[in-house]
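Visitor: just the structure for this:
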Amino acid sequence: MKFDAEAESDIMHNFLHPAAIRVRHMRLILSFFCLLPIQTAVADDLFPADDAGLYYRTLAAAAPATITEDTMVMPGDPPQNLRLRNSLIIGVGATLVAVYGAQNWWQSGFGGSFDTANEGWFGSDTQYGGADKLGHLYSNYAGVRLLTPLFESAGNGRDASVSLAAWSTLGIYTAVEVVDGYSRNWKFSPQDAIANAAGALLGVVLETHPDLDEIIDFRVDYRRSPRTSSFDPFGDYSAQTYLFVVKANGFAPLREYRILRYFEAALGYGTRGYDSGERHRDAYAGLSLNLSRLLADGAYDGRMHSTAFQRGTDRLFELVQFPAIAYERRSLD
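Guide: Numbering: from 1, shown residues only. The predicted structure follows:
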């Protein structure tokens, strides 16, 4: 069944309110985002970890010191093949981005010179109305949030995992920008580079401040553009809405209320028609449901982040906006 974005807007406009409060339905979720959180559960089996996912703490508590002529392994030491594990995680991530780029960004090949372009930010006359800048910010943010638990499960400490995730993500996407500078279709964009750094920084801030992480999420809502035949969550900017979400469950007084703790307030931005058609930029405000809290209360007796599977599912809910949202849209043009 196919949905037309504008037709759906008209239906909800007539049914609910002239302000066009709409209930959005996301048809497809990028498999990359679905698989990465599951890898955390798999990694917990491959690299045993405690409930916090910190391999080295388990070793410190359980492993005796072993000293031989050839090795000196002390309690709490990381696995001897930790560097290999880290290289594998980084290599797989870089390969996925490179393969996608070769198929979608750099098909026309490369020129002989390095070119730059001042693309602007969120102006109506920019190429994508700023949705591409939020896309860069989000991609780096998501990279840090997804890679951190993988590095932890591989045996790194908490701080080291966050640092590895941030520098790996920023390094990969900076390399993409440099390659863009030599490609025929694109140019190096300072705005993209700044958005990359801002996204990685946001990921680090939330990873290192758990209390703030319980309050704030940054999510993407993707639904394929009506005029686009392919599924392309990275490049189909006219199908993306980026949402900053504040969760009632993150505030202790609101958490005590059985109903209120399930609600979230969302502010968002998206563009439509920049692929072809009438261009417009939209701001969004509305309410959504905290699916992580619902899952915890419904399946885990109220416990949050209690198992590897639950932690992976929670991370998916933190990054991708599912259909449980109703909001008002206001055009900025």
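Visitor: wait, isn't Thr148 in contact with Thr208?
Guide: No: when contacts are counted by Cβ atoms under 8 Å, Thr148 is not listed as touching Thr208 (9.8 Å). For glycine as for every other residue, the C-beta is placed from the backbone atoms N, C-alpha and C.
Visitor: of those two, give the one with the bigger neighbour count.
Guide: Thr148 (28 against 15; other Cβ atoms under 10 Å).
Visitor: returning to what we had before: any common contacting residues for Thr148 and Thr208?
Guide: Overlap of the contact sets of Thr148 and Thr208 (by Cβ atoms under 8 Å, 6 or more residues apart in numbering) consists of Val162.
Visitor: quick one, helices of the protein?
Guide: Assigned helices in the chain, in chain order: 5-15, 31-46, 55-62, 82-104, 131-153, 158-182, 190-208, 210-213, 252-255, 291-299, 308-319 (criterion: DSSP state H).
Visitor: can you redo these as CSV with distance to Glu278 and mean pLDDT?
Guide: Rendered in CSV, the data for these read as follows (distance: least, Cβ to Cβ, whole Å; pLDDT from 0 to 100):
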stretch, distance to Glu278, mean pLDDT
helix 5-15, 9, 39
helix 31-46, 30, 40
helix 55-62, 53, 37
helix 82-104, 25, 93
helix 131-153, 15, 95
helix 158-182, 28, 96
helix 190-208, 24, 97
helix 210-213, 38, 96
helix 252-255, 41, 93
helix 291-299, 34, 93
helix 308-319, 30, 92
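Visitor: strands along the stretch 201-333 of the chain, start to end?
Guide: Residue ranges of the strands in the stretch 201-333 of the chain, as given by DSSP state E, counting those that start in this stretch, are 216-222, 240-247, 263-272, 280-289, 325-331.
Visitor: as CSV, those strands with mean neighbour count and mean pLDDT would be great.
Guide: Shown next, in CSV, are these (neighbours: other Cβ atoms under 10 Å; pLDDT from 0 to 100):
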stretch, mean neighbour count, mean pLDDT
strand 216-222, 22, 94
strand 240-247, 21, 95
strand 263-272, 21, 94
strand 280-289, 18, 93
strand 325-331, 17, 85
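Visitor: any idea which of those strands gets closest to Gln103?
Guide: When the strands of the stretch 201-333 of the chain are ranked by proximity to Gln103, the top entry is strand 216-222, at 18.2 Å, counting by Cβ to Cβ.
Visitor: helices and strands around the closest one, which ones?
Guide: The helices and strands touching strand 216-222, judged by 3 or more Cβ pairs under 8 Å, 6 or more residues apart in numbering; DSSP states H and E, are helix 131-153, strand 240-247, strand 263-272, helix 308-319.
Visitor: one step back: just put the strands of the stretch 201-333 of the chain in a markdown table and tack on distance to Ser189.
Guide: As requested, these are exported to a markdown table (distance: least, Cβ to Cβ, whole Å):
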| stretch | distance to Ser189 |
| --- | --- |
| strand 216-222 | 20 |
| strand 240-247 | 18 |
| strand 263-272 | 17 |
| strand 280-289 | 19 |
| strand 325-331 | 26 |
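Visitor: who wins for proximity to Ala94 among those strands?
Guide: Taking Cβ to Cβ, strand 216-222 is the member of the strands of the stretch 201-333 of the chain nearest to Ala94, at 21.5 Å.
Visitor: got the angle between that closest one and helix 131-153?
Guide: With axes from the mean of the first three to the mean of the last three Cα atoms, to 10 degrees as the basis, strand 216-222 and helix 131-153 are set at 120 degrees to each other.
Visitor: could we number from 389 for the rest of this?
Guide: Got it, first residue is 389 now, which makes that one strand 604-610.
Visitor: can you list contacts of strand 604-610?
Guide: 412, 414, 416-418, 526, 529, 590, 594, 621, 624, 627-635, 638, 652, 656, 658, 706-709, 713.
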